[in-house]
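> mind folding the following:
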Amino acid sequence: MSKKFLPLLFIALSMFFISCATISGGTGGKNKYLKSYKTIELSEKSDYLETNIKYPEFTDLPELNKRIENTILSNWKNFKSYSKESWNEIATLNNRGNGKLAPFDYMVTFEVSGSANIISVLLNTYVFDGGAHGNTSLISLNYDLNTGKYIDIRQASLMDYNQISSICRDTLYKKLIDNEKSGMSPTEKDSMKQMINTGAFPQAGNFEIFTVDGSKVYAWFEPYSVAPYAYGIQKIQIK
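Got it, this is the predicted structure:
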């Protein structure tokens with residue numbers, strides 16, 4: 001049975017939750033921060049947007065916590081401002097009788113890893129604002145406990161961008177082209193190779209997303225950066 005629209009500004013649910021999370025199988029050595037942390041949860045639902053956000057909070061690391069919180073909440077608030085107007089426009093265009101347009105989605109999840117001196121936080125944001133599918137974006141923060149500063153992938157891996165790019169491109173060629181079982185045509189292979197070469201070109205902007213896990217370092221690539229959307233997120237071990 002159809003229902004009448006509720007006011008757009010009415011918030012059906014808005015709550016914060018705090019729980020404890022523990023990493024299993026971590027390789028952080030003596031890094032106490034990787035053994036346990038609080039998980040902050042934010043849930044909110046209105047006519048135009050349904051939000052589910054989770055992010056970590058570490059004891060005695062206020063600077064890192066503030067950076068994580070500001071990054072997440074700033075992006076969310078910007079999307080809320082955009083989504084309200086956009087949803088209203090689509091609802092007006094798609095209005096059929098008493099039908100109701102489902103709210104957009106905004107979801108943030110996270111992964112925590114690291115080494116004895118490094119904390120890596122990977123933030124995964126999924127957004128659906130109409131269209132054929134949603135979009136996924138990644139942000140990583142790599143915090144050096146010794147210096148209180150954030151490091152880049154060169155500092156984490158002790159490699160330069162040319163070395164990192166070469167490893168990523170070679171691995172992606174094998175994974176997405178050489179081992180592809182769907183039978184790519186030569187044109188499709190050339191197109192995929194071009195995407196890989198562009199997305200993994202040796203420049204800083206292509207390698208901002210990375211994580212440390214013990215002695216290993218991983219480069220991450222969002223959908224569309226090195227392959228079509230259907231191939232999803234790519235995670236490449238560079239060390």
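> quick check: longest helix of this protein.
helix 62-94 (DSSP state H).
> hey, where'd the helices end up in this protein?
According to DSSP H, the helices that the chain contains are 62-94, 153-157, 161-173, 186-199.
> helices or strands up against the shortest one?
Contact here means 3 or more C-beta pairs under 8 Å, 6 or more residues apart in numbering; DSSP states H and E; on that basis helix 153-157 packs against helix 161-173, strand 210-213, strand 216-221. (Glycine included, C-beta is placed from N, CA and C.)
> list the buried residues for stretch 167-181?
Residues 167-169, 171-173, 175-177 are the ones in stretch 167-181 that count as buried (16 or more other C-beta atoms under 10 Å).
> now stretch 134-145
Counting neighbours by 16+ other C-beta under 10 Å, the buried set in stretch 134-145 is 134, 136, 138-145.
> cool, and stretch 42-50?
For stretch 42-50, using 16+ other C-beta under 10 Å, the buried residues are 42, 44-50.
> closest to Ile153 among the buried residues of stretch 134-145?
Asn142 (8.2 Å; C-beta to C-beta).
> contact partners for the closest one?
118-121, 150-152, 156, 210-212 (C-beta atoms under 8 Å, 6 or more residues apart in numbering).
> got the confidence number for Val226?
With respect to pLDDT, Val226 has a value of 97.
> no no, Thr125
Thr125 is given a pLDDT of 97.
> Tyr55: which of the buried residues of stretch 167-181 is nearest?
Using C-beta to C-beta, these come closest to Tyr55 at Cys168, 27.2 Å.
> how about that closest one, nearest residue that isn't a chain neighbour?
Distances taken as C-beta to C-beta, 6 or more residues apart in numbering place Ala200 nearest to Cys168, at 4.3 Å, with adjacent residues excluded.
> so the one you found makes contact with Asn206?
Yes. If you go by C-beta atoms under 8 Å, Ala200 and Asn206 touch, sitting 6.0 Å apart.
> which one of the two has more residues nearby?
Between Ala200 and Asn206, Ala200 has the larger neighbour count (other C-beta atoms under 10 Å), namely 27 against 20.
> in contact with that one, which residues?
The neighbours of Ala200, taking C-beta under 8 Å, 6+ apart as the test, are 165, 168-169, 172, 206, 221, 226.
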